[in-house]
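Enquirer: With the sequence up front, the predicted model follows.
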Amino acid sequence: MKTNIFYTLILIGLAAVASSCTERSLSERPEDGPLKISFTWPENEEGAESEVAGASIWLYGSDGTLYFSGETSSESYEARVPADTYIAIVVNSDYINAECSNAAASYTNRINADEESGQEGYLTDVDKVFCGGISGITVNGGNKITEAVINTVNVVKYLHFDIDPAYITGMSSIDITMSGIVPAVYLYDGRYTDDPTANMTVEAIPDGEEYYADMSVFGYMGENVIYATIHYPDGSYETTIPQDISEELGQLPDEGGEIDITLSLYDGGEVSVTVTVGQWEKGSGSGTIV
């Protein structure tokens, strides 16, 4: 009898020890967990992944507040973060002629094209802007790593102008101006913002007896009016009659294409222009959660 009581006491003691160990391990479980977000960048003209110097990342909690923003490597962001469900947005840090703003919330985080110095309502060329976002990143407390991948997209569009001034002689230079330029996009998915469109002027480069010019923009929308400005050595200039090419641009397929137009001077002269639109990347910077 005494032996049975003795063993019973031992079993009760072991159960108490096991229970206390379980309670202690649960109470000491971390309230944060490891997170790794990797990035992929769009292919360049050679078909290889574009090289970027680094990345800027924003991490938003489930309540919509900005938990973290900062610089990280071009490969990934790694940190221990509080257990929560996150939205992440990334953009390469070496973008050109642009500026990020309104990052307090994921749905307002955006990138804006810089304005031309001294020219209100005119934008500069933007370039090398790769961005994207992903939601539903759930991090649990503990040591099991949560992994996610953001596949960024190139949100810059390219327009090329081949210009033949034909019988116009004595000119020193020629500019091309186009309206309806999109001034900003949201970083999460590359959508256009509701900001009013702006203009862009680019100087053409001589190429034999003809000229060419390039624009790199976030996009175009609304009324896209184009005209050429002819400059002469004595400082005088003349412009062609503005021509709306919105309909022609809207009819181009996703892969881009060409538009042939003739810009007329007020005195009857003509400037032939071929507008080539580069491939329009569709989709958003989505990704996967591992």
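Expert: Nice, thanks for sending it over. Numbering: from 1, shown residues only.
Enquirer: tell me the secondary structure for Tyr86?
Expert: With DSSP: H, G, I helix; E, B strand; the rest coil as the basis, Tyr86 sits in strand.
Enquirer: List the contacts of it.
Expert: For Tyr86, the residues meeting the contact criterion (C-beta atoms under 8 Å, 6 or more residues apart in numbering) are 35, 59-62, 67, 135, 137-139. From N, CA and C alone the C-beta is placed, and that goes for glycine too.
Enquirer: Tyr237 now?
Expert: Residues near Tyr237 by C-beta under 8 Å, 6+ apart: 229-231.
Enquirer: For it, name its beta-bridge partners.
Expert: The partner list for Tyr237 in beta bridges (DSSP bridges) reads His231.
Enquirer: Touching, Gly287 and Glu147? I think so.
Expert: No: counting by C-beta atoms under 8 Å, Gly287 stays clear of Glu147, with 10.5 Å between them.
Enquirer: Between these two, which is the more surrounded one?
Expert: Per other C-beta atoms under 10 Å, whichever of Gly287 and Glu147 has more neighbours is Gly287, with 22 against 15.
Enquirer: so what's Gly64 up against?
Expert: 105-106.
Enquirer: So what does it have for phi and psi?
Expert: Phi and psi for Gly64, reported as degrees, to the nearest 10, are phi 90, psi -10.
Enquirer: Look up how far Thr85 lies from it.
Expert: 11 Å (C-beta to C-beta, to the nearest Å).
Enquirer: how about the helices in the stretch 151-290 of the chain?
Expert: Using DSSP state H, counting those that start in this stretch, the helices of the stretch 151-290 of the chain run over 246-250.
Enquirer: In it, what residue spans correspond to strands?
Expert: Ranges of strands in the stretch 151-290 of the chain, per DSSP state E, counting those that start in this stretch, are 153-154, 157-164, 173-181, 184-186, 198-203, 205-207, 210-217, 225-231, 237-239, 243-244, 257-264, 270-277, 287-289.
Enquirer: for the closest residue to Ala53 other than its chain neighbours, what are its contacts?
Expert: Once flanking residues are discounted, Ala53 sits nearest to Asp94: 4.3 Å by C-beta to C-beta, 6 or more residues apart in numbering. Going by C-beta under 8 Å, 6+ apart, Asp94 touches 52-54, 128.
Enquirer: Any quick ChimeraX command for the buried ones out of the contacts of Tyr86?
Expert: The following ChimeraX line selects those of the contacts of Tyr86 that are buried, judged by 16 or more other C-beta atoms under 10 Å:
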select :35,59,60,67,135,137,139
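Enquirer: Please produce JSON lines containing the contacts of Tyr86, extended by secondary structure, distance to Val275 and pLDDT.
Expert: Shown next, in JSON lines, are the contacts of Tyr86 (DSSP: H, G, I helix; E, B strand; the rest coil; distance: C-beta to C-beta, whole Å; pLDDT from 0 to 100):
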{"residue": "Leu35", "secondary structure": "strand", "distance to Val275": "45", "pLDDT": "98"}
{"residue": "Leu59", "secondary structure": "strand", "distance to Val275": "41", "pLDDT": "98"}
{"residue": "Tyr60", "secondary structure": "strand", "distance to Val275": "40", "pLDDT": "98"}
{"residue": "Gly61", "secondary structure": "coil", "distance to Val275": "45", "pLDDT": "98"}
{"residue": "Ser62", "secondary structure": "coil", "distance to Val275": "46", "pLDDT": "97"}
{"residue": "Tyr67", "secondary structure": "strand", "distance to Val275": "44", "pLDDT": "98"}
{"residue": "Ser135", "secondary structure": "strand", "distance to Val275": "37", "pLDDT": "97"}
{"residue": "Ile137", "secondary structure": "strand", "distance to Val275": "42", "pLDDT": "98"}
{"residue": "Thr138", "secondary structure": "strand", "distance to Val275": "47", "pLDDT": "98"}
{"residue": "Val139", "secondary structure": "strand", "distance to Val275": "48", "pLDDT": "98"}
